[in-house]
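Student: Build me a structure from this.
(chains A and B)
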There are 2 protein chains.
Amino acid sequence: MSTTRREFIASTGKAAVAGGLFTLAENNTSDMAENKFIHHVYFWLKNPDSKEDKAKLVAGLKKLATVKTIKWFHIGQPADTNREVIDRSYAVSWCLMFDNDADQASYQTDPIHLKFIEECSSLWNKVVVYDSVDAK
Amino acid sequence: MSTTRREFIASTGKAAVAGGLFTLAENNTSDMAENKFIHHVYFWLKNPDSKEDKAKLVAGLKKLATVKTIKWFHIGQPADTNREVIDRSYAVSWCLMFDNDADQASYQTDPIHLKFIEECSSLWNKVVVYDSVDAK
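Tutor: Now for the predicted structure:
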């Protein structure tokens, strides 16, 4: 390993610790999210074929993403995968990472979140939420 | 902003780009995952009250996490949140990020994954999978 490479890894490690997002899993090339709160929401649209309604929801989520306690987010739609166990009936996926339950709770009552609900809740007719903390 | 802080951010930015995980969202303090494939699996145990079976599944997932195409993962369980829209009936959450569909497809047939299914599939009686790519 060259010094440059080593320094880069040290720097990346510091960044990860400072950002508080991930730690490198042992004996692993992937990163393990630890001490995190994953909030994953799936939306079903009232008008599932309306590209306009979907675009409105995605635009609303981009604004919602400015809530400061959100560590990272992904705005998704069903992938092309299609197996019996896969639910691909939803329109939009909204996956968020928080540092802890308190940050998630504060997001629920954040004015930006309340405005999102006011502006966008007429677009969907079903929402399913899965909140997960580290398995013990 | 002090020079040190600016340098730190530059360094973090480089790390993020090199890792290929996130880009900083515009006008945002949180990170947006872009060009990613989120594979989120929820497991319901055959014996939902068996701490031993849950521990076996979590241990199996930790081994499964060594599949090289996994960018990051989170092994979770239901948080304490409890609202009408929240499904907290599952036992274990397995949230993965891949760079693309091809990496996810290769994970499905990876020998480590096949071994996980062989060793652990007797533990669960229901699995729901949501695969999401960036919303267009």
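Student: Longest strand in chain A, please.
Tutor: Across chain A, the longest stretch assigned as strand under DSSP state E is strand A:124-134.
Student: can you give me the helices in chain A?
Tutor: For chain A, the helices defined by DSSP state H occupy A:3-19, A:51-64, A:101-108, A:111-120.
Student: circling back: the longest strand of chain A - what's its average pLDDT?
Tutor: For strand A:124-134, mean pLDDT rounds to 98.
Student: Could you export it as CSV, CA atoms only?
Tutor: Backbone C-alpha positions of strand A:124-134 (Å, rounded to 0.1, in the frame of the first residue of the first chain) are rendered in CSV as follows:
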residue,chain,number,x,y,z
TRP,A,124,-51.2,9.6,-2.1
ASN,A,125,-53.8,7.2,-0.9
LYS,A,126,-51.5,4.8,1.0
VAL,A,127,-48.3,5.1,3.0
VAL,A,128,-46.4,2.4,4.7
VAL,A,129,-43.6,3.3,7.1
TYR,A,130,-40.8,1.0,8.5
ASP,A,131,-38.7,2.5,11.3
SER,A,132,-35.6,0.5,12.2
VAL,A,133,-32.9,0.9,14.8
ASP,A,134,-29.8,-1.3,15.1
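Student: In terms of mean pLDDT, which of the helices of chain A ranks lowest?
Tutor: Among the helices of chain A, helix A:3-19 scores lowest, with a mean of 39.
Student: Sort out which residues of stretch A:113-132 are buried, please.
Tutor: Applying a neighbour-count criterion of 16 or more other Cβ atoms under 10 Å in any protein chain shown, one finds A:116, A:120, A:123, A:124, A:128, A:129, A:130, A:131, A:132 buried in stretch A:113-132. Every C-beta, even on glycine, is put in place using the N, C-alpha and C of the backbone.
Student: Next, the distance between the ends of it.
Tutor: The straight-line separation of the ends of stretch A:113-132 (Cα to Cα, to the nearest Å) is 20 Å.
Student: How far away from the center of its chain is that stretch?
Tutor: Centroid displacement of stretch A:113-132 relative to its chain, using Cα atoms, centre = their mean, to the nearest Å, is 14 Å.
Student: near chain B at all, it?
Tutor: Yes - using Cβ under 8 Å from any Cβ of the partner chain, we find that stretch A:113-132 touches chain B at A:127, A:128, A:129, A:130, A:131, A:132.
Student: Equivalent analysis for stretch A:48-60, please.
Tutor: Yes - residues of stretch A:48-60 contacting chain B under Cβ under 8 Å from any Cβ: A:54, A:58.
Student: contact partners of that stretch?
Tutor: With Cβ atoms under 8 Å, 6 or more residues apart in numbering or on different chains as the test, stretch A:48-60 has contacts from A:43, A:45-47, A:75, A:77, A:91-92, A:116, A:119-120, A:123-124, B:135.
Student: what's the farthest-apart pair in those?
Tutor: A:77 and A:119 (20.0 Å; Cβ to Cβ).
Student: Just give me the closest of the contacts of stretch A:48-60 to residue B:106.
Tutor: Residue B:106 has its nearest neighbour among these in residue A:77, at 21.9 Å by Cβ to Cβ.
Student: one step back: what two of the buried residues of stretch A:113-132 have the greatest distance between them?
Tutor: Taking Cβ to Cβ, the two most distant members of these are A:123 and A:132; they sit 25.3 Å apart.
Student: What separation is there between the closest residue to residue A:122 other than its chain neighbours and residue A:116?
Tutor: Among residues not flanking residue A:122 along the chain, residue A:46 sits closest, at 7.5 Å (Cβ to Cβ, 6 or more residues apart in numbering or on different chains). Per Cβ to Cβ, to the nearest Å, residue A:46 is found 16 Å from residue A:116.
Student: go on, residue A:92?
Tutor: Applying Cβ to Cβ to residue A:92 and residue A:116 gives a distance of 13 Å.
Student: okay, and the common contacts of those two?
Tutor: Shared contacts of residue A:92 and residue A:116 (Cβ under 8 Å, 6+ apart): residue A:61.
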